[in-house]
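Undergrad: Sequence plus predicted model, see below.
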Amino acid sequence: MRWIKPVQRRATGKCIAHIIARFKTTTATNQATCHGVVITGKRVWARWLQKELRRCLKCQVLNTNHLAARCTQADRCDMCGGEHRTAECAKADHDKFHCVNCNQAGHMLWD
């Protein structure tokens with residue numbers, strides 16, 4: 001087990017913290033997520049830690065093996081799909097949003 005946030009970065013007087021736990025078997029993992037885990041006499045609830053897909057923040061490609069610092073593609077907006085940076089996007093109407101990865105209108109890339 002390990003703390004998600006290091007002890008030195010926590011606020012003074014904080015009495016609740018999150019941990020990441022690894023179990024030896026799949027059965028133990030499933031029992032922890034279904035029935036909880038007892039730590040120092042208190043039942044706490046566990047959930048799977050889900051990894052987010054890796055995404056280049058310049059070209060907005062998901063599951064890529066490059067990041068923005070080494071991207072050679074043109075800038076793409078993750079809201080409207082235009083060839084500009086997301087910070088420069090002026091679109092506010094949800095109907096004008098366009099997902100770059102599924103190439104469909106009506107939602108943003110991260111929606």
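TA: Alright, I've got the coordinates. Numbering: from 1, shown residues only.
Undergrad: Quick check: pLDDT value at the residue lying farthest from the centre of the chain.
TA: Distance from the centre of the chain peaks at residue 41, with 31.4 Å (C-alpha atoms, centre = their mean). Here the pLDDT value assigned to residue 41 is 92.
Undergrad: which residues touch the residue positioned nearest the centre of the chain?
TA: What sits nearest the mean C-alpha location of the chain, by C-alpha atoms, centre = their mean, is residue 52, with 4.3 Å. Counting by C-beta atoms under 8 Å, 6 or more residues apart in numbering, residue 52 touches no other residue. No exception for glycine: its C-beta is placed from N, CA and C like everyone else's.
Undergrad: Phi and psi next, for it.
TA: phi -80, psi 150 (degrees, to the nearest 10).
Undergrad: Now do it against residue 110, distance only.
TA: Residue 52 sits 10 Å away from residue 110, going by C-beta to C-beta, to the nearest Å.
Undergrad: Low-confidence regions, the protein specifically.
TA: Across the chain, the ranges flagged by pLDDT under 70 are 111.
Undergrad: Torsion angles phi and psi at residue 55?
TA: phi -140, psi 140.
Undergrad: Same question for residue 38.
TA: phi -100, psi 120.
Undergrad: Run through the bridge partners of it.
TA: Residues in a beta bridge with residue 38, per DSSP bridges, are residue 43.
Undergrad: Tell me, how many residues neighbour it?
TA: Residues contacting residue 38 under the criterion other C-beta atoms under 10 Å number 9.
Undergrad: and if you look at residue 79?
TA: By the measure other C-beta under 10 Å, the count of residues near residue 79 is 23.
Undergrad: From residue 52, how far off is it?
TA: Computed as C-beta to C-beta, the residue 79 to residue 52 distance reads 18 Å.
Undergrad: again with residue 77
TA: Counting by C-beta to C-beta - residue 77 and residue 52 are separated by 20 Å.
Undergrad: Same check on residue 67?
TA: 13 Å.
Undergrad: now do residue 11
TA: Between residue 11 and residue 52 the distance is 26 Å, computed by C-beta to C-beta.
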